[in-house]
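here is the input, now give the coordinates:
(2 chains)
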Amino acid sequence: MTTTAQPQTGRAEGLASRYSTFMSRHASLMPTFAALAILILLFVGAQIYFGNFITPRNLSALLLDNSYLLILAVGMTFVILTGGIDLSVGSVMAFTGILCARLLSEGFPAIVTIPVMIIGGGAVGLMVGVLVQYFEVQPFIASLAGLFLARGLAFVVSLESIKVEDPIVLWFGSTRFRLGEWYISPTGILALLVVAIAAIVLQWTRFGRTIYAVGGSEQSARLMGLHVARTKIIAYVISGVCAGLAGLALTAYSGAGYPLYGVGTELDAIAAVVIGGTLLTGGRGYVLGSLVGVLVYGAIQTVISFMGAEQSWTRIIIGILLLVFIVVQRVIVARSDRRR
Amino acid sequence: MRKLITHRLFWPIAALVALIALNAIVRPQFISITVRDGELYGALIDILRNSAPLMLVALGMTIVIATRGIDLSVGAIMAVSGAVALTIIDTSGDPEALGTVAIALVVGILVALVLGVWNGFLVAVLGIQPIIATLVLMLAGRGMALLITEGFITTVTSAPYKFIATGYVIGLPFALFISVAAIVVIALIERRTALGVLTEAVGINPEASRLAGVRSRGIVFGAYVTSGLLAGMAGILYSSNIMAADANATGLYIELYAILAVVLGGTSLMGGKFTIAGTVVGVFTIQTLRSTILFLGVPSAQAPVVFAAVVIIVVLVQSPRVHRAARKVIHSMRTSGRTGTTTRTETAS
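Residues are numbered from 1 along each chain as shown, chains lettered A, B, ... in the order given. Okay, the predicted model is just below:
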């Protein structure tokens, strides 16, 4: 009796210990797994409730509708990983978008306007980064200046929306590469490409590891001889460049530039990054988590439009979800700190 | 003179005075105040009246920032309290009755108080980072306001409610009395009791002040409740001014302007020492700047560029690197001046 029982308890113990080792080794992965679980729950729940939720058309639309947010979230992930925050991305997106529309309407070719958007976004990011790094301005205030500047500049470019008729820019938003019922637009490909590049950079390059090191402890990173200043500034430039790309995606998606686009989108991006499991204190998180966060964000919006409920619920539910994730993170961080 | 320049309020006040002087030179009618039917009118009076909501929010923000926190939800709280108050008046049988307005006021402010308690709970009890804890309400709050107004912009006519923002008492705008009352109450509580010092202690080093026996948790909690309460009052003022509950536009970006006012006033975002007088000066500076931008003919949509320039200049002036550079320049000027005189005396002899 005892001999047969022993291996069983032994295996159970082994499982338990293996589980706890896994947990302690991959504690920073847990919030991302939680986000993934919520996403799956959302999909399954909606499928059971509506019956026709998980369709190729629906899932394809999810990526199409949120590609600009996904690009923003990737840039935001870099900044948050270094322990900073970038409030300027929504305004920068609107600014580059309207700038592109204006330049196109004045006869510049898309070959010129698209690089201008990316450089414009990067320039605002560079300004924020320099303020943060060299003038020791808090990221919140520095990027707030970026927010005001870009929003104001958007209105300087034009007070009204400008329609885009350029075939190259419109191609990004209106083309559908179809595979059966599935489809993907060039903006969606662009967004996934950005995610893939960011994931590779963060996971396998020296720069990526420096980002994590700076976010974990700037002091230690400096003592280790890492290029803290350069890394932090590049993180903000990446965020700005991503905001420029998001401007391209949004302009292509909506077919127009409008100076009021993206009011509050910086907060949507931050929320998506946090839901995806990146810690706001920096040093822990994954770009793929941000992808999951954006999908959760988009799925909630789709569910709400399926329910025919008012859009006001979107904001409330996003707020509640954000809260849940913060509390989950809080518990995880408290645990891993205790373990140390 | 040196004492005057090194006073922490010197630069904020100098900026405000310079701004007013600039306006007065460009358009002399800026400083003229006329009396019409025993009520004062003029650009300066308008600035005093229109700054009231920002003043309330910025006072709350000062206390929160002093505890090393930040409150992003004030705009959303404004939207909620305005929506609640106007919906109560709208659905009541008699919008003109004083009783209705009183109930609307009390309920609107109470809801804001509850939201402040919520923020305080997240930050002080659960220990969540302030920027994220208040981000939750910033996102959800406007959704709540939209639910209350059912997605519409509720417009109301009610003379007593309209009086709050546009009425006059003994020749001065009533809104001014509200902001002065708020300044006095906050200043008395924070400066005539030990609370202000304790708040600074918590802001400078939460752990040390806790070990020293300061109830830091309660102080942080109270800061967010105060901020919520004042934001609720600001929401009432704002909605009374336009007599409409617009869930999307009410208090949009006010949290950013309030933070800017606090920083302009000389309070550091790092927490600790705070100055209420500085915040008051900061609010007036922002409101005067708004009026100036409007006068210069910059479309209000483009005004953020000017604000961005101001923010950048202010943070550069405050930044340690610029201080170091300035000190170096002054030092080298002094030494070169001294060597200059010695060489001259040498040649003379």
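
residue ranges with poor pLDDT in the stretch 201-349 of chain B?
B:318, B:337-349 (pLDDT under 70).

no, scratch that, I was asking about the stretch 1-150 of chain B
B:1-6.

where do the strands of it begin and end?
For the stretch 1-150 of chain B, the strands defined by DSSP state E, counting those that start in this stretch cover B:34-36, B:39-41.

what strands flank the last one, and is each parallel or antiparallel?
Looking at strand B:39-41 with DSSP bridges, its paired strands and their directions are strand B:34-36 (antiparallel).

now do the strand it pairs with: distance to the chain's middle.
29 Å (C-alpha atoms, centre = their mean, to the nearest Å).

ok, back up a step: any idea which of the strands of the stretch 1-150 of chain B is most buried?
Ranked by mean neighbour count under mean count of other C-beta atoms under 10 Å in any protein chain shown, the strands of the stretch 1-150 of chain B are led by strand B:39-41, which reaches a mean of 16. Heads up, the C-betas are built off the backbone N, CA and C, glycines and all.

contacts only, for the most centrally placed residue in chain A.
Centre of chain A computed as the mean C-alpha position; nearest residue by C-alpha atoms, centre = their mean is residue A:73, 1.5 Å away. Counting by C-beta atoms under 8 Å, 6 or more residues apart in numbering or on different chains, residue A:73 touches A:269, A:272, A:273, A:276, A:290, A:291, A:293, A:294.

what about the closest residue to the second one other than its chain neighbours, neighbour count?
Counting by C-beta to C-beta, 6 or more residues apart in numbering or on different chains, residue A:293 is the residue found nearest to residue A:272 once chain neighbours are left out, at 3.8 Å. Residue A:293 has 34 neighbours, counted by other C-beta atoms under 10 Å in any protein chain shown.

distance check, residue A:293 against residue A:80.
11 Å (C-beta to C-beta, to the nearest Å).

quickly list what's touching both of those two.
With contacts taken as C-beta under 8 Å, 6+ apart, residue A:293 and residue A:80 have residue A:273 as neighbours in common.

can you tell me which residues contact the nearest residue to residue A:33 once chain neighbours are set aside?
Leaving out its chain neighbours, the residue that sits closest to residue A:33 by C-beta to C-beta, 6+ apart is residue A:277, at 7.8 Å. When contacts are counted by C-beta under 8 Å, 6+ apart, residue A:277 touches A:28-35, A:285-286, A:289, A:292-293, A:325, A:329.

helix/strand/coil for residue A:277?
The three-state assignment at residue A:277 reads coil, by DSSP: H, G, I helix; E, B strand; the rest coil.

neighbour-wise, which of the contacts of residue A:277 leads?
Neighbour counts for these, by other C-beta under 10 Å, peak at residue A:293, which reaches 34 neighbours.

give the contact list for that one.
Counting by C-beta under 8 Å, 6+ apart, residue A:293 touches A:35, A:73, A:271, A:272, A:273, A:274, A:275, A:276, A:277.

next, count neighbours for the fifth one.
Looking back up the chat, that one is residue A:273. When neighbours are defined as other C-beta under 10 Å, residue A:273 has 29 of them.

would you confirm that it contacts residue A:79?
No. Residue A:273 lies out of contact with residue A:79 (C-beta atoms under 8 Å); the separation is 9.1 Å.

roughly how far apart are residue B:202 and residue B:226?
With C-beta to C-beta as the criterion, residue B:202 and residue B:226 are 14 Å apart.

who has more neighbours out of those two?
Between residue B:202 and residue B:226, residue B:202 has the larger neighbour count (other C-beta under 10 Å), namely 27 against 23.

for residue 79, which residues are in contact?
You didn't pick a chain, so chain A it is. With C-beta under 8 Å, 6+ apart, residue A:79 has these contacts: A:85, A:86, A:139, A:235, A:236, A:238, A:239.

oops, chain B please
Residues in contact with residue B:79 (C-beta under 8 Å, 6+ apart) are B:141, B:142, B:145, B:235, B:245, B:246, B:247, B:248, B:250, B:251.

from residue B:112, how far out is it?
From residue B:79 to residue B:112 the distance is 10 Å (C-beta to C-beta).

what sits against whichever residue of the stretch 151-300 of chain B sits closest to chain A?
Using C-beta to the nearest C-beta, the closest approach of the stretch 151-300 of chain B to chain A is made by residue B:269 at 5.3 Å. Contact partners of residue B:269, counting by C-beta under 8 Å, 6+ apart, are A:138, A:140, A:141, B:65, B:70, B:259, B:262, B:263.

between those, which is nearest residue A:187?
residue A:140 (30.0 Å; C-beta to C-beta).

and residue 328, how many neighbours?
All of this refers to chain A. Residue A:328: 16 neighbours (other C-beta under 10 Å).

ah, I was thinking of chain B
For residue B:328, the count of nearby residues is 10 (other C-beta under 10 Å).

that one should be in a strand, yeah?
No. Under the criterion used here (three-state DSSP), residue B:328 is helix, not part of a strand.

ok, it to residue B:335 distance?
Residue B:328 is 11 Å from residue B:335, by C-beta to C-beta.

can you map out the helices along the stretch 151-300 of chain B?
B:159-166, B:174-192, B:195-204, B:206-211, B:216-242, B:254-264, B:276-295 (DSSP state H, counting those that start in this stretch).

can I get these in JSON lines including distance to residue A:224?
Shown next, in JSON lines, are these (distance: least, C-beta to C-beta, whole Å):
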{"stretch": "helix B:159-166", "distance to residue A:224": "57"}
{"stretch": "helix B:174-192", "distance to residue A:224": "43"}
{"stretch": "helix B:195-204", "distance to residue A:224": "30"}
{"stretch": "helix B:206-211", "distance to residue A:224": "27"}
{"stretch": "helix B:216-242", "distance to residue A:224": "34"}
{"stretch": "helix B:254-264", "distance to residue A:224": "33"}
{"stretch": "helix B:276-295", "distance to residue A:224": "40"}
